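K.L.:
Kindly generate the corresponding structure for this input.
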Amino acid sequence: MSETAFHPGRLVMVDIQGKRLDAATAAFLRDNRIRAVCLFRKNLGTEAEVRQLTRDLREAMGPDALIGLDQEGGSVVRATFLPQPPSAMALGAAGDEGLAEQVGAAVARGLRGIGINWNFAPVTDINNNPANPVIAERSFGETADTVTRLAGAWMKGSMAAGVACCIKHFPGHGDTHVDSHLDLPTVDKSRAELDALELKPFQALRDLAPSIMTAHIVYPKIDPLYPATLSRTLLGGILRDEYGYDGVVITDALMMKAIAERYGYAKAAVLAINAGADMILAQGSLDEQAQAIHALQDALTRGDLSVERGRQAQARLDKLARDFPVRFDDYQGAPREADDRLMRRAWAAGLSALRGAVPPATDRPTRVLVQDEVPTDGVSEAGPTGAQVRALFEGYRDVEFVSLADIAALDWATVPADGRFTIVASTHRARYGAQAGNWRPDLHLVLWNPFQALDVDAPTVISWGYADGALAALGDWLQGRGQAGGQSPVTLN
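P.N.:
Numbering: from 1, shown residues only. Now for the predicted structure:
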């Protein structure tokens, strides 16, 4: 390969199996000159194990390694042993830019201690669609101003603490009815409509953001042929040419059904790089990841992918790695304890009450209806358990817990009208169906998707998530020790 060429493996981020770097995977990384790995919960054992894994990855990939994960906060957190950050919408409810900046910095300090230098956060999608199945509390709110202010503050904190941010999902995933992990969404908005809302945070934050992740969404009035991830019009035209963005553009995972089932790894990899992406996120088996690398190499050989385009992408990635090198800072003792207190304070600041919600007296006979288990939805980890909800009511003298396999199937006629103060605890992401319109609890606890507050006509408290800090804030409120002073950043009436 000539001195002016590049190796396609430099433009591919892969995932790996297991909590240790085995010899075959290490050889695959070296042989293909891969410099980027995305970690998931499946890779994260103990904190010591993660540090060893990232050290091994850095040794295999070199000093310009990029090791990333999703540590957004709320329900999308991979490193659960670190202080748990509030969801974006919890920060939206708190409405405090200074707090958002502190949280971003604390997240980065934790990641830096385990050898992570690239965090795929914050989400800059504007959740203006209550039916959105995948964003919801991952967004800071429903207005461009709220999202831009708080995401910008969060980013400043993260980058000052040494971890690269990645705003997502360009040009906006907030007004979809379909989860792109499962199918290809379409947003039928004009350029003028996108300019008026979805694009605003990306345009406003483009000079601050070292990287941007694409959306697997078709915008037919902008590009009728390709989703944003593969669209020259959106990536090359709007983002690069109009906005002048010269940071790293990375695709969302190509294994998501929105892309994989329509284009396949190989074709999508080439289309994305030619469209203006600098790195593709190619999850899957080593064979599947190799397909993406080989497709880029074949396109280079055929002339379908130019050396100039590849070298441009590589230069941007090199700069990102120089600006945010992998580090292994000490993150124990007082600094970590302070960050844990910060996260709990931030969760508490976002706790929000609607429709005059007040906790029952602890000596009042109470009934709590809750689902036993909430499995992963494919994006977030598993939801809170019934046991976690029951723990919120310690100190209540007379509580009857009703455990349900599927709370969405609840028939309200089966709930006794016996005078007990009845509470419904919503612990999953999916919205309820029409049946929930007949429910009449005395109190509705929303621990995940805030838009469930629209489904149940009752006094409501929203925690915006179910991390330990969120549950502690909710428990304090239920015990009469805490306030619910947050203001919802989305319309819930």
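K.L.:
centre of the chain versus stretch 288-306, how much separation?
P.N.:
Centre-to-centre, stretch 288-306 and its host chain are 30 Å apart (C-alpha atoms, centre = their mean, to the nearest Å).
K.L.:
Buried residues of it, list them for me.
P.N.:
288-297, 299-300, 305 (16 or more other C-beta atoms under 10 Å). (Glycine included, C-beta is placed from N, CA and C.)
K.L.:
And stretch 401-420, by the same measure?
P.N.:
Here stretch 401-420 shows Phe401, Val402, Ile407, Ala408, Leu410, Trp412, Val415, Arg420 as buried, counting by 16+ other C-beta under 10 Å.
K.L.:
Ala299 against Arg309, yeah?
P.N.:
No: Ala299 lies out of contact with Arg309 (C-beta atoms under 8 Å); the separation is 9.9 Å.
K.L.:
so what sits against both of these two?
P.N.:
Common neighbours of Ala299 and Arg309, using C-beta atoms under 8 Å, 6 or more residues apart in numbering, are Asn274.
K.L.:
need the strands for the stretch 1-150 of the chain, in chain order.
P.N.:
Ranges of strands in the stretch 1-150 of the chain, per DSSP state E, counting those that start in this stretch, are 12-14, 36-38, 66-69, 71-73, 76-77, 118-119.
K.L.:
Now Thr143: phi and psi?
P.N.:
With angles defined as degrees, to the nearest 10, Thr143 sits at phi -120, psi 150.
K.L.:
List the residues that contact it.
P.N.:
Per C-beta under 8 Å, 6+ apart, neighbours of Thr143: Ile126, Pro489.
K.L.:
Apply 7 Å and report the result again.
P.N.:
Ile126 (C-beta atoms under 7 Å, 6 or more residues apart in numbering).
K.L.:
Likewise for Val358?
P.N.:
Per C-beta under 7 Å, 6+ apart, neighbours of Val358: none.
K.L.:
one more time with 10 Å, if that's ok
P.N.:
Listed by C-beta atoms under 10 Å, 6 or more residues apart in numbering, the contact partners of Val358 are Asp442, Leu443, Pro459, Val461, Trp477, Gly480, Ala484.
K.L.:
Kindly report the same for Leu471.
P.N.:
Trp347, Pro384, Gln388, Val389, Ala391, Leu392, Leu447, Ser463, Gly465.
K.L.:
Which two among the buried residues of stretch 401-420 are spaced furthest apart?
P.N.:
The distance between the two most remote of the buried residues of stretch 401-420 (C-beta to C-beta) is 21.9 Å, for Ala408 and Arg420.
K.L.:
how long is stretch 398-414 from one end to the other?
P.N.:
End-to-end distance for stretch 398-414: 20 Å, by C-alpha to C-alpha, to the nearest Å.
K.L.:
Do me a favour and average the pLDDT over that stretch.
P.N.:
Throughout stretch 398-414, pLDDT has a mean value of 97.
K.L.:
any low-confidence regions in the protein?
P.N.:
Filtered on pLDDT under 70, the chain yields the residue ranges 1-5, 177-183, 258, 377-381.
K.L.:
before we move on, back to that, out of the buried residues of stretch 288-306, list just those in helices.
P.N.:
With DSSP state H as the criterion, helices contain Glu288, Gln289, Ala290, Gln291, Ala292, Ile293, His294, Ala295, Leu296, Gln297, Ala299, Leu300 from among those.
K.L.:
Phi and psi next, for Leu199.
P.N.:
phi -80, psi -20.
K.L.:
ok, and the closest non-adjacent residue to it?
P.N.:
Pro171 (5.5 Å; C-beta to C-beta, 6 or more residues apart in numbering).
K.L.:
Could I get the full set of helices for the stretch 301-450 of the chain?
P.N.:
For the stretch 301-450 of the chain, the helices defined by DSSP state H, counting those that start in this stretch cover 307-323, 334-350, 386-391.
K.L.:
Tabulate the ones you listed (JSON lines), appending mean neighbour count and distance to Leu239.
P.N.:
Listed next are these as JSON lines, based on neighbours: other C-beta atoms under 10 Å; distance: least, C-beta to C-beta, whole Å:
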{"stretch": "helix 307-323", "mean neighbour count": "17", "distance to Leu239": "13"}
{"stretch": "helix 334-350", "mean neighbour count": "19", "distance to Leu239": "31"}
{"stretch": "helix 386-391", "mean neighbour count": "17", "distance to Leu239": "41"}
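K.L.:
Is it possible to get JSON lines of those that adds distance to Ala106?
P.N.:
Output for the helices of the stretch 301-450 of the chain, formatted as JSON lines (distance: least, C-beta to C-beta, whole Å):
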{"stretch": "helix 307-323", "distance to Ala106": "20"}
{"stretch": "helix 334-350", "distance to Ala106": "4"}
{"stretch": "helix 386-391", "distance to Ala106": "23"}
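K.L.:
Which one, of those, ends up nearest to Leu230?
P.N.:
For Leu230, the closest of the helices of the stretch 301-450 of the chain is helix 307-323, at 14.5 Å, according to C-beta to C-beta.
K.L.:
per the record, what domains does this structure have?
P.N.:
8-323, 351-478 (automatic domain parsing).
K.L.:
Dump the C-alpha coordinates for stretch 303-310 into CSV.
P.N.:
Written as CSV, here are the backbone C-alpha positions of stretch 303-310 (Å, rounded to 0.1, in the frame of the first residue of the first chain):
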residue,chain,number,x,y,z
GLY,A,303,-12.0,3.5,-7.1
ASP,A,304,-15.5,3.7,-5.5
LEU,A,305,-13.9,5.1,-2.4
SER,A,306,-11.1,7.6,-2.9
VAL,A,307,-7.9,7.6,-1.0
GLU,A,308,-8.4,11.3,-0.3
ARG,A,309,-11.8,10.6,1.4
GLY,A,310,-10.2,7.9,3.6
